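**Q** Predicted structure and sequence below. I'll ask about it afterward.
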Amino acid sequence: MNAVEIEEAISKLAEQPFDPAQFPYAFLEAFGNKASTISRLRSGNSNKTDIEGAVLQYNNIHMAVCPAGEVLKMLENLKNSPATARQKAKFILATDGDDFQAEDLTSGNTFACIYRDFPNHFGFFLPLAGITTVKQISENAFDIRATSRLNRLYVELLKDNPEWGSEERRPDMNHFMARLIFCFFAEDTDIFNGSSLFTATIEQMSAKDSSNTHEVISEIFRAMNTKTEDREAAKLPRWADIFPYVNGGLFSGSTETPRFSKIARTYLLHVGKLDWKRINPDIFGSMIQAVAEDEERGALGMHYTSVPNILKVLNPLFVDDLREKLNEAGDNTRMLLNLRKRMSKIRVFDPACGSGNFLVIAYKEMRAIEAEINRRRHETHLSSEIPLTNFRGIELRNFSAEIARLALIIAEYQCDVLYCGQKEALAHFLPLDKQNWITCGNALQLDWLSICPPTGTGVKLVVDDLFNTLLDQAQIDFENEGGETYICGNPPYLGSTWQSDEQKSDLKSIFEHLTKAWKSLDYVAGWFMKAADYGTKTNAIAAFVSTNSICQGQQVPILWPLIFKTGHEIAFAHTSFKWANLASHNAGVTVVIVGISNQASKARKLFSITDDGKSILKGVENINAYLVAGQNVIIDKSLKPLNGLPEMVRGNMPYDGGHLLLSSDEVNGLSLSQEQKQRFIRRIYGSAEFIRGLQRYCLWIQDEYLDEAMSIEPIRQRIQGVRKMRLASRDKSANDMAKRSHQMREMYKGRNHTIVIPSISSEDRPYLPVGLISNREVISNRNYGLYDAPLWSLALIASKLHLVWIGAICARLEMRFSYTNTLGWNTFPMPSLTEKNKADLTNCAEDILLAREAHFPATIANLYDPNDMPENLRHAHERNDEVLERIYIGRRFRNDTERLEKLFDLYTRISSKKRGA
């Protein structure tokens, strides 16, 4: 679930009569827990609490409903419970239906409220749904609540005005929503005279049956598009005439308003009664798009980025440096003045700006630093020297581009109120002007230098209508020249499989003359390449949020040598982390942040997340294309394993037209004796069969038994079917295989056992699927096998170390792991193992297999569900990781970043030694 859906679910929960027995499960359900997870907790199978009546979810929350007046006592009991620590609970919660108290055990933050108000604090619990937050930055729950209520209003309006949801009228609906949000903001921030003027006017002047609500709103909008000197002629109603002239194109054009039902009118009044002073303009546009354009936006592969994640880009890009310079300046007036002048010339450029989130946050951060400079210089009376026109963007959709501009205007007003005072802010706010500095167009087709030039050149044009005039280039000069340019953003990701013909064409125009392999690149690669090219012509540093696939597998040797060739290096990076945003459709993906510069300092910054969820920063000498601290190395395929690991080969290719493979019913249909089944039938595993426990069989005929097999008519027919299929093929090797049509292309089988690793598996599992099968079973080419290999080999593959290596090195099929022997196993760097090491790892492998066996007939898919992994199996894996990682460095690694650093270092040393040999 996403944050908006969670807010709605817990609001409904709080409105219902309190049910002590059901509350813990309803609470978890509101945060997106599956029905199967709730069922396991109810039955006690996964509820590991040691407090009667409490509910404890592993690695999540320990909560209890208690008798009246005992909430604080119960919270202490939960905190002191040994099970809370043992089960790694992140939160504790206690309620008696009247009072509600909770604590975040990671940060130590607490809150207490009356029960019905706990939805106001739902942001506190977002990590329960996997929605990450940065400790220093509290996400404002108001934005989510406002989005949720706007969404309800929007859906209700379309019920009675379906034509407004059509492609033709969608811009009108979007424009209407933008007007509403501006009015809600204006009435709560004194831009309109009088408290809650817009909402109160609608409530008083429109009929309760909503029959004239649309007319009242339309007259208000008409007033805000009428200049003072024109008002007498306009003959506005007296109640509308008190609204100010806004201009800026926001209220120009048609004032037509959709009709309101009684429910829609109620929703509108509910939205208006929120405290809109608390709006974050950095999510202003996301709210509009989350409500009005989310399906279209999703088709573009776009995601809305939350404030904490935006700061993960902006802080290391340039904001941290500005703060450091502020600290260095202290009270030195000359140094402070120089810093203020420097900031007035800084350009922030987002070439995929969407609704302007990155630009708004950058503006607010810079205004905060400027205000501190003015305070230290005793010049708090000064207006800002940071012009909005230095915050430039490109956005594909015209409406979104204009929303970005409006969000920046609101941000400027809020900053003026905060740092200059309400009177000064109001004096400069209305009427809105019509300058535009957000370009509407395709960022991969436009010339970035013409939109964000190194100096202030450009065409100046004042447009008549902010919302309805199409712009294909930036149309306003920079007010300052000669500063730094910082490129940032969250471009559309889109893997090669999902790109449209137009998007393929975009990449072709950028990469065709650089590499033949460009078709395999993600769409976001175009932004990195254009940023690198831009950086060769002006003083700029760029950083983008991206899916981690551009720093993994096959894309690394295609993209990064091209970027490095321009003279750019990775100046900073944030390794893979999962995040979920605040928009209506939650875009929870695994992302990285990569900053590139051709003037990178020797101290590169590498950010990562520890296994217990803490963020750490490490200064390193170099960051390679895999986002690992180490030399710039590209991992090449190897035909043989490094360091003498056992040989791994792909399983058996049937190449049979389906004739050698059988279902259970088809085996029974052969009417074989038990002895014949033993001789001619084997259970066979592909990836799906191995992971999901599906049953499939194959004919397995040794040459010495061919005559007997041919004497069995159903088998003879199948062999003839294979022969016919192979002879009909245009592949000569297939023709040659027709000579032995009773067999697969390979006939690999372990004498004692086979260690199995699927070639394709989900990235969501905490470990790679690997297992052991008997000498009576075989594998297809959808798996890789270690035939009769020592059992400690299984322990290596089942480790977190091997998982992170595969994730970094191997290619991806969509986001799933695509395992290969030559790139994944053969390159895996291992220290030399002692006999004691091998014995310890063998014990670990046995413990993992035994833990699985205890849950028979549960499948790999069941056992490795990240939300329902059995405790004994999790413990067996953790023990395996402990043993293996101590072999590498004598202790557990702190996180995946440290794991990869060690593996890359070891790989570099081993491969260098082999080349030297």
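**A** Good, I have the coordinates.
**Q** Only C-alpha atoms from now on, for both contacts and neighbour counts.
**A** OK.
**Q** Might you report the residue contacts of the closest residue to Leu41 other than its chain neighbours?
**A** Spatial nearest neighbour of Leu41, chain neighbours left out: Asn47 (4.9 Å); criterion: Cα to Cα, 6 or more residues apart in numbering. Residues counted as contacts of Asn47 (Cα atoms under 8 Å, 6 or more residues apart in numbering) are 40-41, 55-58.
**Q** Weed out the non-buried ones from these.
**A** Buried members of these, counted by 16 or more other Cα atoms under 10 Å: 41, 55-58.
**Q** what's the single longest helix in this structure?
**A** helix 398-420 (DSSP state H).
**Q** With only the CA atoms kept, save that one in CSV.
**A** In CSV, the C-alpha atoms belonging to helix 398-420 read as follows (Å, rounded to 0.1, in the frame of the first residue of the first chain):
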residue,chain,number,x,y,z
ASN,A,398,2.7,21.3,-20.4
PHE,A,399,0.3,21.2,-17.4
SER,A,400,3.0,19.7,-15.2
ALA,A,401,5.5,22.3,-16.3
GLU,A,402,3.1,25.1,-15.2
ILE,A,403,2.4,23.4,-11.9
ALA,A,404,6.1,23.3,-11.3
ARG,A,405,6.2,27.1,-11.8
LEU,A,406,3.2,27.6,-9.5
ALA,A,407,4.8,25.4,-6.8
LEU,A,408,8.0,27.6,-7.0
ILE,A,409,5.8,30.7,-6.6
ILE,A,410,4.2,29.3,-3.5
ALA,A,411,7.6,28.3,-2.1
GLU,A,412,8.9,31.9,-2.7
TYR,A,413,5.9,33.3,-0.9
GLN,A,414,6.3,31.0,2.1
CYS,A,415,10.0,31.8,2.3
ASP,A,416,9.2,35.6,2.1
VAL,A,417,6.8,35.2,5.0
LEU,A,418,9.3,33.2,7.0
TYR,A,419,12.3,35.4,6.4
CYS,A,420,10.9,38.9,5.5
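**Q** next helix or strand past that helix?
**A** Using DSSP states H and E, the next helix or strand after helix 398-420 towards the C-terminus is helix 422-429.
**Q** and after that next one, which helix or strand comes next?
**A** Next along from helix 422-429, by DSSP H and E: strand 438-440.
**Q** so what strands line up beside that following strand?
**A** Under the criterion DSSP bridges, strand 438-440 sits next to strand 391-395 (parallel) in its sheet.
**Q** What helices and strands are in contact with the longest helix of the chain?
**A** For helix 398-420, the packing partners by 3 or more Cα pairs under 8 Å, 6 or more residues apart in numbering; DSSP states H and E come out as helix 170-188, helix 281-292, helix 357-376, strand 391-395, helix 422-429, strand 438-440.
**Q** Now do the SS call for the nearest residue to Pro557 once chain neighbours are set aside.
**A** Closest residue in space to Pro557, ignoring its immediate chain neighbours: Ile634 at 6.5 Å, by Cα to Cα, 6+ apart. Here Ile634 is recorded as coil under DSSP: H, G, I helix; E, B strand; the rest coil.
**Q** and if you look at Asp19?
**A** coil.
**Q** what's the neighbour count on it?
**A** Neighbours of Asp19 under the rule other Cα atoms under 10 Å: 13.
**Q** How much space separates it from Met335?
**A** 62 Å (Cα to Cα, to the nearest Å).
**Q** ditto for Thr827
**A** 53 Å.
**Q** Those two: who's more crowded?
**A** Thr827 (26 against 16).
**Q** I'd assumed Leu642 was in contact with the more buried one.
**A** Yes - contact criterion Cα atoms under 8 Å: Thr827 and Leu642 qualify, at 5.9 Å.
**Q** Next, the distance between the ends of stretch 376-393.
**A** Stretch 376-393: ends 32 Å apart by Cα to Cα.
**Q** Identify each buried residue in that stretch, please.
**A** 376, 380, 384, 386-393.
**Q** likewise stretch 227-244?
**A** By neighbour count on 16+ other Cα under 10 Å, the buried set for stretch 227-244 is 236, 240-244.
**Q** Turn those into TSV, including pLDDT and secondary structure.
**A** Below are the buried residues of stretch 227-244 laid out as TSV (pLDDT from 0 to 100; DSSP: H, G, I helix; E, B strand; the rest coil):
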residue	pLDDT	secondary structure
Leu236	93	coil
Ala240	94	helix
Asp241	94	helix
Ile242	93	coil
Phe243	93	coil
Pro244	92	coil
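**Q** Export these as CSV, with columns for distance to Arg751.
**A** Formatted as CSV, those follow (distance: Cα to Cα, whole Å):
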residue, distance to Arg751
Leu236, 93
Ala240, 89
Asp241, 91
Ile242, 90
Phe243, 87
Pro244, 87
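**Q** Could you point out which residue ranges in the stretch 101-250 of the chain have low pLDDT?
**A** Low-confidence segments of the stretch 101-250 of the chain (pLDDT under 70): 131-144, 248.
**Q** show me where it has strands.
**A** Ranges of strands within the stretch 101-250 of the chain are 110-114, based on DSSP state E, counting those that start in this stretch.
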